[in-house]
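1. sequence plus the predicted model coming up.
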Amino acid sequence: MLSEGVDGQVFGRSKKLRDGLTRTRRSFFGRITELLGVTEVTEELWEELEVLLIQADVGVATTVELVERLRERVARERVRHAGAVREMLKEELIGILDGQTSAPINEGHPLTVILVVGANGTGKTTSIAKLAHYYQERGKKVILGAADTFRAAAIDQLKVWGRRVGCDVVAHQPRADPGAVVYDAIQAGLARGADVLIVDTAGRLHTKYNLMQ
């Protein structure tokens, strides 16, 4: 969400992060390219594509929707070669992403709460700092909530980023009840006149229904 210039100015360039994202991107699209390098569109291709998308954490519902769209386009445009499906997949993914709108901030609510969810080691805390800076640049007052209480390091890391971007951080002791942290963070946000509360959470995938609930 930040421009490249602002991102580099505030946080510097992280070679480790860039390399990690590059490896992930190459791994995913490399497997997609290999799959769609076959000569013909077959039923097995659709099944394998579904598996690859789900393994890439695209989500079951989105995967089913994507594959169904691709099936319809392939039939409608009478595509026979799998190579053409790769470009169609890119177009459909872009179409889904372009159709998303940003959540409104402070429209009818005194405080907007954003929960940041993801597996450990994927850059949640750094992304929180970037989001905080993004909203601050747009005149919003931001407060952070350290609800990843399972790892003491996560709390300390969020406090460090809070100091760097100039945000208050609401935190409890390690192993505290995450719900209590969020409650206190909301109360603090309301009391301090914050516009946005961004909450760090313990590692989980968005596809894990029970953990999300």
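-> Now that the structure is in, tell me what you want to look at. Numbering: from 1, shown residues only.
2. please make it C-alpha for all contacts and neighbour counts, starting now.
-> OK.
3. now this protein, which segments are flagged as low pLDDT?
-> 1-30, 33, 38-39, 99-104, 106-108, 203-213 (pLDDT under 70).
4. how about the strands in it?
-> 112-116, 142-146, 168-171, 196-200 (DSSP state E).
5. report the residue ranges of every domain in this protein.
-> 12-98, 112-212 (automatic domain parsing).
6. next one: stretch 175-185 to chain centre, how far?
-> Stretch 175-185 has its C-alpha centroid displaced from the chain centroid by 22 Å (C-alpha atoms, centre = their mean, to the nearest Å).
7. residues in contact with it?
-> Contacts to stretch 175-185, defined as C-alpha atoms under 8 Å, 6 or more residues apart in numbering, come from residues 143-151, 170-172, 197, 199, 201.
8. pull out the buried positions in that stretch.
-> 178, 181, 182, 184, 185 (16 or more other C-alpha atoms under 10 Å).
9. stretch 160-178 too?
-> 161, 162, 165, 166, 167, 168, 169, 170, 171, 172, 174, 178.
10. picking that back up, and of the buried residues of stretch 175-185, the nearest to residue 132?
-> residue 185 (14.9 Å; C-alpha to C-alpha).
11. quick revisit: tell me the most buried of the strands of the chain?
-> strand 142-146 (a mean of 28; mean count of other C-alpha atoms under 10 Å).
12. need the strands of the chain in JSON lines with distance to residue 32, can you?
-> JSON lines is the format used below for these (distance: least, C-alpha to C-alpha, whole Å):
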{"stretch": "strand 112-116", "distance to residue 32": "28"}
{"stretch": "strand 142-146", "distance to residue 32": "37"}
{"stretch": "strand 168-171", "distance to residue 32": "41"}
{"stretch": "strand 196-200", "distance to residue 32": "32"}
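13. nearest to residue 88, of those strands?
-> strand 112-116 (30.4 Å).
14. partners of that closest one, with directions?
-> Using DSSP bridges, strand 112-116 pairs in its sheet with strand 196-200 (parallel).
15. relative orientation of the partner strand and strand 142-146 in degrees?
-> 20 degrees (axes from the mean of the first three to the mean of the last three C-alpha atoms, to 10 degrees).
16. how far off centre is strand 196-200?
-> The answer for strand 196-200 is 14 Å, by C-alpha atoms, centre = their mean.
17. which residues sit against it?
-> Taking C-alpha under 8 Å, 6+ apart as the rule, strand 196-200 contacts 105-106, 111-117, 124-125, 128, 132, 135, 140-148, 182, 185-186, 189.
18. if we use 7 Å, what do you get?
-> 111-116, 125, 128, 141-148, 189 (C-alpha atoms under 7 Å, 6 or more residues apart in numbering).
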